[in-house]
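K.L.:
my questions are about this predicted structure, shown below with the sequence.
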Amino acid sequence: MAGYILALDQGTTSSRAILYDDHARPIKMAQQPTTLQTPKAGFVEQDAQQIWQTQISCAHDVINQAGLLATDVTSIAITNQRESIVMWDKQTGKPLAPAIIWQDRRTANYCKTLAAESADNSMNKSVNQDINQGANHNDINNDLQYDMAAQVQRITGLRLDPYFSASKIAWLLENNPKLSVRASKGEIAVGTIDSWLIYKLTGGEHVIDLTNASRTLLFDIHKLAWSETLCDRFAIPMTILPKVLPSDGDFGKTKKGLFAKQIPIQAVLGDQQAALFGQGCLDAGMAKNTYGTGCFMLMNIGQQPKLSEHKLLTTIAWQRKISPTRPDNLSFDQILQSGKRMLQPPKKEVTYALEGSVFMAGAIIQWLRDNLGMIQQSSDVEDLARQVDSSEDVVLLPAFTGLGAPYWRSDISASITGMSRGTTKAHITRAALEAVAYQTYDVLIAMQKDSPHPLTELRVDGGAANNDLLMQFQADLLDVPVLRPRDTEITAKGAALLAGLKTGLYDESTMKASWQVDRIFEPSMSIDAREQHLDKWQRAIARSLMQI
Ligand SMILES: Nc1ncnc2c1ncn2[C@@H]1O[C@H](COP(=O)(O)OP(=O)(O)O)[C@@H](O)[C@H]1O
Ligand SMILES: O=P(O)(O)OC[C@H](O)CO
């Protein structure tokens, strides 16, 4: 079978389109930057039309640059920044507000108030109904009164935090009475970035994949459906939410005239889930860390949605149709002769992941570049940091938008401490890189407590994973080998692989062959040095948590 898969990767800082051939090899990429707006403290927005325009323009460019025709493309796969939301008019498709981006903290107080609330009786009743109907809720005692945050975690696997979509949608409705009225009349649609792109690509489908739905704070990860209880709690009419499909579902075809032929959209995954898939972390216990704008460590935990006891998230890694395997010793003829009972339909299997979300990683480097002008481009950071042997006592605590996992403190701010008269920008940039690795260390420690699987290696990807100094320091801190694949555009590849496996363009051997190691960073730091580093970080964190 021949053909190409067009993967669309809509990230926080850019839109990308990559074409993969029938061996899942990337043959061409087009990329365009997108702009973040921060109109007020805590607000982080993007122009939804710019997201669409850059994405579709990359899609056209990459096909042209590869010298292909749209007829050569068998499927589109989409992967995207998660949690960010777009609200649009169902009739005209016009965005009704700027996209609110995952980093936005405008709803911090709202979430804090909700988190402090005890669930009222009606809420309890409703949640208990959810609990009784759902098969796999962990540790549930119906007699207990749960507070809102605990209920949110039980239903969604997430935390009551402004990071997720629900409070962003609630904010838009609350602050725009007209929108609220129109929402109740079913005139508007809301969705995450995958939904928005699919709507624009197909000219009207209002759908979302399960992994993106699992980041909204409105989705029951046990029952695999929108939670009526949480939609009520956030006052979000369920009619404005998209229809949820499996990650390898049929998301519709591109509308006529967009490409020379109508191309089916056959796989959609949130970007971190796509990276887990693309890194080949298909077995429970395998983990990856993506160093992009933020840093997201995900560990495959298999088919049970175990809730974290250490402030991590439980999220849906993917839902795929799995064809039942044929009994080894029987031929298809024998199976047919023994009756149709053995020919079961494909199962839809859900895989879950534990996740530690760190809000600022590569974004710290952007801050050094754009706000302090210390470097011209992000990749310059390594040479500058190498001008000194250590960051000495300098610690950069990157709480620019609060701290994510495992602290979840939206109320603390960023700081640089430990500077002396001799401190140079090289020390500060080195401390910035170290902060990325320290945050990952904190997530890993929480993950090890939650998971029965000891981490034996960490697969890495994302823009900042190209930084050798950072990757070596990461391996030293974690004390496990860090494996960087040759192709660090793993997010797009993960989505493309899923589409190819669904359509039969790829098989398991394509999947195996597509992951090749570029470099293994072996831990080499002495125990003493490692402890000194960690001690310096932990003291800075402790000081900062006592702020306010
Ligand atoms: N060599 C590098 N060292 C450290 N950070 C880098 C380097 N190259 C890129 N980055 C950072 O990586 C991020 C871009 O990575 P990418 O995976 O494209 O992010 P996203 O998908 O979030 O848009 C930017 O924040 C940039 O500052
Ligand atoms: O755009 P990225 O790669 O920084 O990813 C953003 C995440 O999906 C946010 O949860």
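P.N.:
Here it is on my side, so go on. Numbering: from 1, shown residues only. Ligands and ions are numbered 1, 2, ... in the order given.
K.L.:
and the helices in the stretch 401-548 of the chain?
P.N.:
Assigned by DSSP state H, counting those that start in this stretch, the stretch 401-548 of the chain shows helices spanning 425-450, 468-478, 490-503, 508-513, 527-545.
K.L.:
which other residues reach the last one?
P.N.:
Applying CB atoms under 8 Å, 6 or more residues apart in numbering, the set of residues contacting helix 527-545 from outside is 393, 395, 397, 399, 407, 409, 412, 415, 417-418, 434-435, 438, 441-442, 476-477, 479, 525. All C-beta spots, glycine's among them, are computed from the backbone N, C-alpha and C.
K.L.:
what's the PyMOL line that selects buried ones from those residues?
P.N.:
In PyMOL, this line selects whichever of these come out buried by 16 or more other CB atoms under 10 Å:
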select buried, resi 395+397+399+407+409+412+418+434+435+438+441+442+476+477+525
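K.L.:
just the contacts of helix 527-545 that are near ligand 2?
P.N.:
Subset of the contacts of helix 527-545 in contact with ligand 2: empty, counting by CB under 6 Å from any ligand atom.
K.L.:
out of the helices of the stretch 401-548 of the chain, which gets nearest to Gln91?
P.N.:
The closest of the helices of the stretch 401-548 of the chain to Gln91 is helix 490-503. By CB to CB, the value is 29.8 Å.
K.L.:
the residue lying closest to Gln439 once chain neighbours are set aside pairs with what?
P.N.:
Ranked by CB to CB, 6 or more residues apart in numbering and with sequence neighbours excluded, the top spatial neighbour of Gln439 is Val358, at 4.4 Å. Per DSSP bridges, residues listed as beta-bridge partners of Val358: Cys295.
K.L.:
ok, now which ones touch Val358?
P.N.:
Residues near Val358 by CB under 8 Å, 6+ apart: 294-297, 404-405, 436, 439-440, 443.
K.L.:
touching, Ile265 and Val73? I think so.
P.N.:
No. Taking contacts as CB atoms under 8 Å, Ile265 lies outside contact range of Val73: 11.2 Å.
K.L.:
these two: which has the busier surroundings?
P.N.:
Ile265 (27 against 23; other CB atoms under 10 Å).
K.L.:
wasn't that one part of a strand?
P.N.:
Yes. Applying DSSP: H, G, I helix; E, B strand; the rest coil, one finds Ile265 inside a strand.
K.L.:
what about it, distance to ligand 1?
P.N.:
20 Å (CB to the nearest ligand atom, to the nearest Å).
K.L.:
using the three-state scheme, assign the spatially closest residue to that residue that is not a sequence neighbour.
P.N.:
For Ile265, ignoring the flanking residues on the chain, the nearest one in space by CB to CB, 6+ apart is Phe251 at 3.9 Å. Going by three-state DSSP, the secondary structure assigned to Phe251 is coil.
K.L.:
I'd say Phe251 and Leu245 touch.
P.N.:
Yes. Using CB under 8 Å, Phe251 makes contact with Leu245 at a distance of 6.2 Å.
K.L.:
for the residue in the stretch 251-400 of the chain positioned nearest to ligand 1, the count of nearby residues, please.
P.N.:
Ligand 1 sits closest to Gly362 of the stretch 251-400 of the chain, with a gap of 2.4 Å, by CB to the nearest ligand atom. Using other CB under 10 Å, Gly362 is surrounded by 24 other residues.
K.L.:
residue contacts, it?
P.N.:
Contacts of Gly362 by CB under 8 Å, 6+ apart are 291-294, 378, 436, 462-464.
K.L.:
in what helix or strand does Ile51 lie?
P.N.:
Assigned by DSSP states H and E, Ile51 belongs to helix 48-65.
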